[in-house]
Structure formats: structure tokens, C-alpha cells
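The following block contains a protein sequence and its predicted model.
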Amino acid sequence: MSVVEQRYHAVIEVLSGAKVTDVAGRYGVSRQSVHTWVRRYEDGGLAGLADRSHAPKAHPMQTPAAVEALICELRRAHPRWGPRTLLWELGRRGVEPLPSRASIYRALVRNGLIDPMARRRKRGDYRRWERPGPMQLWQMDIMGGLMLVDGSEAKLITGVDDHSRFCVIASVVARPTGRMVCAAFAEAMRGYGVPLEVLTDNGKQFTGRFGGPKAGEVLFERVCRENGIRLRHTAPRTPTTTGKIERFHQSVRREWLDQALPFDSIEAAQAETDSFVEHYNTARPHQALDMAFPTDRFFAERSDDQRRAERELPLQLPAGLTAVVPETVPPARELVTASAVLPGAATAVAQPSTPVCDDAVPVTEPRQVQAIEVDRIVPASGNLQIADQQVWLGPDRAGLPITLWISTAHLHVLTTGGGRLKTVASRLTSKDLAVMLERGDARPAGSALVQVLAEGHPAVEIDRIVSTIGIVSLASRGLCVGSHLAGQRVTLRLDGVTAQVTDGERTLLRTLRCPLPITACGRLRGARPAGPPPTPSTTPVTLHRVVSTRGGFQVVGQKIQVGRVHARKILDVTIDDTHITVHDNGEPIRIVLPRTTTQEITRYKSKAHTKQRKTS
């Protein structure tokens, strides 16, 4: 018999006149149980004899159903909110009594909104530190992940106050060069004042101590030194030292970037960044501040006189360092050339290139850029690096401030007083000059700063036929002009510093270092006075590349995939200012738009061509 049937028989015996004590002894239960069965049978019949739950019908500490529903609703609306933030939001909405943080956590687990898991490391394992007041320490860093619609990635220069977690810097740039980082830093100091210390990692924008023996003081270190800011760096591979700025990056990604669509431009990304930073500083409670707002802690703990003194403190900045200006036009879509203003320098004229596909966007109004000037300090090694060119000045000039006047033909090293230290052939192309100018690493050359004249000997021109290995002869010396010009008749324009290779239409093909002094150039066979400077070539260049077994190859620093079906083939690649077109036996198989690099072409033939020539 079931339990209910046994209880029923016991009740029938009692109701028939049997003693409760005898019935309880036969069924092995207490007398109180028999009395309970009789009472429940009289109240509910046979169904009243079934087992009942012993759980309490009400609990004074249980979270009300309405509050638990509100917790689940807030969590679904804000998936990144944890128990601590939800508790703060319930208090802001006037919920009484407030549940504990553990109760909110159990409610989230009970409703399947979070997965219970153990913390990887306990909070006690970390050593927490904090400056006692605002403006005593700023933490700075650079993060990526801001994607644009054209496929490029913008960077975000960030900075937070260590004491208040107040975001003082949030600047979107296309390329985080040292000058752009310093411009964002300077703009923040103009608005909030000069901090006592700055903590960064060991990025090349912040320090040159890991740049090798040739590295000197970078611009960011100079700005901190001249403004009396103590610059601190983390130990290598220790990101927890700058934990506050890294945690800010995590908030940016989770609460904004993970849900954001690619931005139309740098300006659009900057506008949305400003909106998020405004919310972060003024309307988002911070757990490390006991759910206070960063703006309250940043401004409330500084008096008006202190803030006024910080803003009125004179700010020492290098000349030309201005606020960050967003790059509105990607360099790949803008045809920019540089023209020289010194005697003997090449004059470049920008020409809109012909598009190779229907969706190309030709530039109808190219911008004319003059030669550029760059301020540098000679490093301890005496070997100065500018873009892809090295200039030897000697360790005896270490620490000397100099100005570099650069065009596509010459590179002049000048002192601050205008004296010339050295002149060498420039290996920088017009695109290199334009890119440096757009980044903010350089400025347009001033007409009054440089007064450099020729050495008194006019430039000369000679005609030569390029050998099968790409060499021309100059007074028993060989000058390599490139194997892609083998068998062609070229004109060399020599001025003692540079050797400009031109074709019959006076189009500049290449600029090399002149192997002879200007006095010896005039005695060369067939030498004649030089005409006007040549113009750079704007026609597309065709070269060859071998496809790897994975279906790709690299050209001018850009990786291109054409598929494994073309593995080990030798393909023709046509390159202009904005496009890269891949041909297989004359048929275009891939058009890359836009071209994302500005590297100069240095290798025209593939390795397979070289092996075939050696074998034959």
C-alpha cells in the first residue's frame, strides 16, 4: 500500500472507535501524527493525507519578485552591468529595502543571465595604489580598434587622471606618431593644467630608451622635461602597472566599440568618442570610486585658486606643436607631390592618375606641397634617422639641435642660426614628404630660413645606354640605375650631390647619389649644361612577382591575395598612386583599391626571373 492508503486505514480505525495510542503503535508513528492525519482528513478528505512541503510560506529576507524582475530587466537592457552597478542603479531608483550584492548575483544566476565561475585571481593578490589627489599623475596609452568604412584602422590616444579616473585625453588620429601624441597631450594641458607626473608604457612615441644606441630624446620626453613633468615608464611586459588606463580601454571596447559600426571618417569617430567620454566622466558611476562620478572627484578636490594656478602656469612647447588636426582624406586617395625651391632641386607637378576600375575616385584638385623642414636633435651616436634615410653627423655633435631641409633632390642639414652643416642626396620621394607633412612630423619649408646656393658650378647632363644588368658608366665608375631600364637610352642630370635619371621626355625616373664631385662631372664624355629640372613620372609602373604556395605575394609593403589557383605563377603587377592591378597573361585578375602604402619601388623583377637568368 502507498503512504496515503496506510494513513487512510489508520484514520478509519480511529474514527471506528479504536484508541489513538494503539493505532500509533501498530503503524509505528507518534500519537501527534495520528491526530494530524485525522484532522487533515476531516478538512480535505483523502487528498489532505498527501505529503506537504515543509518550506516556509514567506521569508522576511527574500528578494521581492518585483525587485528581482527589475534586476533582470536592467541586466537585459545593459548586458555589461554587474551586481555592483545594478545595486547602485536600484538605489538611484529608490528601491527599499535594497538587496545585497550577493542577492543580486544569485538572482542573475537563477535566471540564467550570467554563468557562475570562480575569479581567476583574488583581488587581494593585486597591489593597489593611487595618488592622494588629482593632477598628481596621468596615465597615457594608445589603443586601436576604431575601424573606418574604407577598411583602415584609426587609433585613440587616451589619458586618465590616476586619482579620479577622469578622462583628460581622447583624441582619434589616423596614425599615432610622436608629434600627434604630443599635440593631444599639449591640448589636454591647455585645458586642465600641467600634471606633476605622467606614467606610460615603453612605446616609441613615449620614450627612446629602447631604440638602441642611436636613439636620442623623443619629442614627448622633451615636452615633459621642459614643463617640469616627471616621466615614468612601466617595466617591460607589465601592463598591470598602468592598470587604470588599461581598464579604461576595456570600458571603451565593451560599452561602445563592440556595438559601434565602422565610422565614415576621423571626424565622425572623434564626435562619438567625445560623446562617450562625456558620459564616462559625468554620468557613469565608477566602482573604484565607490560609485561616484569621475568629474566630481576630479574637480571637487581642487580649489578654484589651484585650478587657476595650474592653467596659468606657462606651458613650454616646441615651435609648431599645435592641437591634433584630424586627417580628413586618406593619403592613398590624395595625390600629393613636393617641389623644391632650392637651385638644382626637382620641381614636381601633381597629375591626377587614370583609374583602372570604375569605382576609382580620381583626385581632381591635388594639393601642391613645397619642400619640408624637420627639427631634430642629433642623437648620441651621431647617426640621424629621417624616414628611410640615415644622415651621419658624428658623435661630437650629439645633442645639437638642427633643422633638416628636405626635398626630393637634396637634404640640407642646418644649424638653428641658418648655417649649413652638410648636404646629401635625398632618398625621400614626394610621397614621403607629403606623408610626413600630413602626420605633423614636419612643416612646409620657409623661404627665409634657408639660403642655400649652388657651389658655383652648373649642373650637367650626359646621355648613356643602360647595360643588360642595369649599370651606366661614369669615368670608369659604375652607377646602378636599375635592371628594369636595361637597353634603354637615359639622360643623367648630375649636380655633384644627386644623379637624376630621366628619359627622352625629361621625366624623372629615379634619383641616386652622385658618385663624382661637380668638378669631375663637367669633364665627363658628352657632358653639356643641364636644362630645367625634370618632372616626376606619373605613369603606372609594371613589375613582376611570384605567387607563394598560399596564393599571395607582397609588393611595396602591401600583402595581396590572388588565390592558390595561381600558386608559383609569375604575375604582372601594375602600380600607380592609388591602385594595384594584378595581371595574368595580360588579363586583370585582381584590382586593389586603394593602395595603402607609400613605399618606393626598389625591386622590379621577381626572384624566379633572376634564377632563370643565372641558369641560362
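Nice, I can see it. Numbers count the residues shown, from 1 in each chain.

ranges for the helices of the stretch 101-250 of the chain?
In the stretch 101-250 of the chain, the helices defined using DSSP state H, counting those that start in this stretch lie at 101-110, 178-192, 219-226, 243-255.

State which helix of this protein is the longest.
Counting residues, the longest helix in the chain under DSSP state H turns out to be helix 266-282.

which of the residues in the longest strand seen in the chain are buried?
For the chain, the longest strand by residue count, based on DSSP state E, is strand 137-147. For strand 137-147, burial by neighbour count (16 or more other C-beta atoms under 10 Å) applies to 137-143, 146-147. To be clear about C-beta, it is placed using only N, CA and C from the backbone, and glycine gets the same treatment.

With pLDDT and distance to G216 added, can I get the residues you listed in TSV?
Listed next are the buried residues of strand 137-147 as TSV, based on pLDDT from 0 to 100; distance: C-beta to C-beta, whole Å:
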residue	pLDDT	distance to G216
L137	94	26
W138	95	24
Q139	95	25
M140	95	21
D141	95	23
I142	95	21
M143	94	27
L146	90	31
M147	88	35
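
thought M189 was touching E226?
No - contact criterion C-beta atoms under 8 Å: M189 and E226 do not qualify, at 11.7 Å.

In terms of packing, which of the two has more residues around it?
M189 (22 against 12; other C-beta atoms under 10 Å).

Without its sequence neighbours, what residue ends up closest to the more buried one?
L315 (5.8 Å; C-beta to C-beta, 6 or more residues apart in numbering).

Now for that neighbour: which residues touch it?
Applying C-beta atoms under 8 Å, 6 or more residues apart in numbering to L315 gives the contacts 186, 189-190, 194, 227.

May I see the ChimeraX selection of the buried members of those residues?
For the buried members of the contacts of L315, the matching ChimeraX selection, counting by 16+ other C-beta under 10 Å, is:
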select :186,189,194,227
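
Enumerate every residue touching the closest residue to R230 other than its chain neighbours.
Computed as C-beta to C-beta, 6+ apart, the closest residue to R230 that is not its neighbour in sequence is E197, at 4.5 Å. E197 sits next to 136-138, 229-232 when contact means C-beta under 8 Å, 6+ apart.

Dump those to CSV, plus distance to C514.
Listed next are the contacts of E197 as CSV, based on distance: C-beta to C-beta, whole Å:
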residue, distance to C514
Q136, 57
L137, 53
W138, 50
I229, 46
R230, 49
L231, 43
R232, 48
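
check contacts around P262.
147-149.

circling back to that earlier point, show me what counts as buried in the longest helix of the chain.
Across helix 266-282, burial judged by 16+ other C-beta under 10 Å covers 266, 269-270, 272-273, 276-277, 280-281.

For the longest strand of the chain, name the packing helices and strands.
Packing partners of strand 137-147 (3 or more C-beta pairs under 8 Å, 6 or more residues apart in numbering; DSSP states H and E): strand 153-161, strand 167-173, helix 178-192, strand 197-200, helix 243-255.

Could you give me the buried positions within the third one?
Of the residues in helix 178-192, 178-189, 192 count as buried by neighbour count, 16+ other C-beta under 10 Å.

hmm, back to that, I'd like the contacts of P262 laid out as JSON lines, including distance to I104.
Shown next, in JSON lines, are these (distance: C-beta to C-beta, whole Å):
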{"residue": "M147", "distance to I104": "35"}
{"residue": "L148", "distance to I104": "39"}
{"residue": "V149", "distance to I104": "40"}
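
Among those, which one sits closest to G399?
For the contacts of P262, the residue nearest G399 by C-beta to C-beta is L148; the value is 40.4 Å.
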